[in-house]
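> sequence-free structure coming up:
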């Protein structure tokens with residue numbers, strides 16, 4: 001049995017996956033690399049077959065297209081490691097990432113060990129999230145609160161190492177129709193099952209920014225409604241002591257989803273904006289839990305949407321730096 005199983009979901013990533021796989025192959029002999037081809041129509045199959053022939057640690061899995069959640073869980077099902085990590089097929093990791101995460105898990109007795117990440121741009125710019133060096137031990141309650149708050153601890157899957165047992169029964173809980181924020185939902189269930197987690201804020205995961213990345217595509221129904229659905233699912237599941245955090249996360253998502261609709265050009269946003277305004281009206285009491293700036297935005301959206309849209313468009317046009325373009 002291998003110690004770590006790295007699961008790599010890929011879809012039409014033939015042009016990029018070589019770097020991702022090579023970065024994983026530096027991780028030592030106690031790692032297996034499970035590449036799940038989610039019904040690609042490019043040359044991904046040939047690339048994976050060639051890698052598997054060259055290195056026995058690479059295990060290709062081919063399946064019909066079902067979305068990234070089904071690909072990740074299929075990879076976990078095929079895994080044999082004590083620990084499971086995820087890497088996207090067009091990203092890279094540093095050689096010591098899993099070794100250090102595993103050491104932290106052992107030192108602190110954690111079921112999940114996670115870290116920061118960096119965004120790497122084509123022009124050479126790098127933005128770190130957040131590289132402070134802080135180490136934070138988390139109970140189940142603290143970890144879920146940090147996930148929902150989302151400032152220091154990023155809710156993605158790829159900068160984390162999970163004890164494999166945490167995935168037992170997860171497939172029955174996940175909603176496979178959700179395509180955006182599915183990583184937060186999966187993490188919610190995994191962190192709920194973990195007794196203890198540890199976070200070290202250094203950034204060995206390289207998120208490679210590409211114009212075709214799923215997180216950078218234009219607005220569609222999944223991008224507008226899925227984050228709300230995820231927060232609703234969490235709201236219905238959290239224990240009472242975490243309800244304020246889940247409510248804050250829900251209305252916060254409504255506010256910033258509305259902001260995205262204001263600047264969206266092609267998406268038919270009138271109905272969606274009405275839906276989000278309705279949610280904020282229905283949950284005025286929850287809006288009191290928001291930070292002051294976000295609370296002000298929520299109030300403007302509900303009471304004076306025409307003024308909000310005018311001010312927000314001007315702010316985006318003249319004041320907001322395009323840090324992540």
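Everything's here; your move. Just so it is clear, the model here is predicted, and its values are computed rather than measured.

> Where does the prediction get shaky in this structure?
Counting by pLDDT under 70, the chain has low-confidence residues at 1, 211-217, 319-325.

> in it, which strand has the most residues?
Using DSSP state E, we find that the single longest strand of the chain is strand 196-208.

> which strands and helices sit next to the next helix or strand after it?
With elements assigned by DSSP states H and E, the helix or strand that comes after strand 196-208 is helix 221-235. Packing contacts for helix 221-235, counted by 3 or more CB pairs under 8 Å, 6 or more residues apart in numbering; DSSP states H and E, involve helix 182-193, helix 243-263, helix 270-282. C-beta coordinates here come from the backbone N, C-alpha and C atoms, glycine included.

> before we move on, back to that, okay, now the sheet partners of the longest strand of the chain, with direction.
Sheet pairing for strand 196-208, assigned by DSSP bridges, gives strand 92-93 (antiparallel), strand 112-120 (parallel), strand 135-139 (antiparallel).

> Go through these and pick out the most buried.
Burial of the strands paired with strand 196-208 is given as mean neighbour count (mean count of other CB atoms under 10 Å); strand 112-120 ranks first at a mean of 22.

> Next, the buried residues of whatever helix or strand comes next after that one.
Next helix or strand after strand 112-120 toward the C-terminus (DSSP H and E): strand 126-129. For strand 126-129, burial by neighbour count (16 or more other CB atoms under 10 Å) applies to 127, 129.

> With stretch 297-306 instead?
For stretch 297-306, by 16+ other CB under 10 Å, it's 297, 298, 299, 300, 301, 302.

> want to throw those into CSV with distance to residue 29 and secondary structure?
Formatted as CSV, the buried residues of stretch 297-306 follow (distance: CB to CB, whole Å; DSSP: H, G, I helix; E, B strand; the rest coil):
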residue, distance to residue 29, secondary structure
297, 52, helix
298, 53, helix
299, 58, helix
300, 58, helix
301, 55, helix
302, 58, helix
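
> Who are the contact partners of residue 19?
residue 92 (CB atoms under 8 Å, 6 or more residues apart in numbering).

> From the chain's centroid, how far away is the helix or strand encompassing it?
Using DSSP H and E, residue 19 maps to helix 17-25. Centre-to-centre, helix 17-25 and its host chain are 20 Å apart (CA atoms, centre = their mean, to the nearest Å).

> after that helix comes which helix or strand?
strand 31-38.

> Now do the buried residues in the next helix or strand after that next one.
Counting by DSSP H and E, the next helix or strand C-terminal to strand 31-38 is helix 44-54. For helix 44-54, the neighbour count (16+ other CB under 10 Å) marks 44, 47, 48, 51, 52 as buried.
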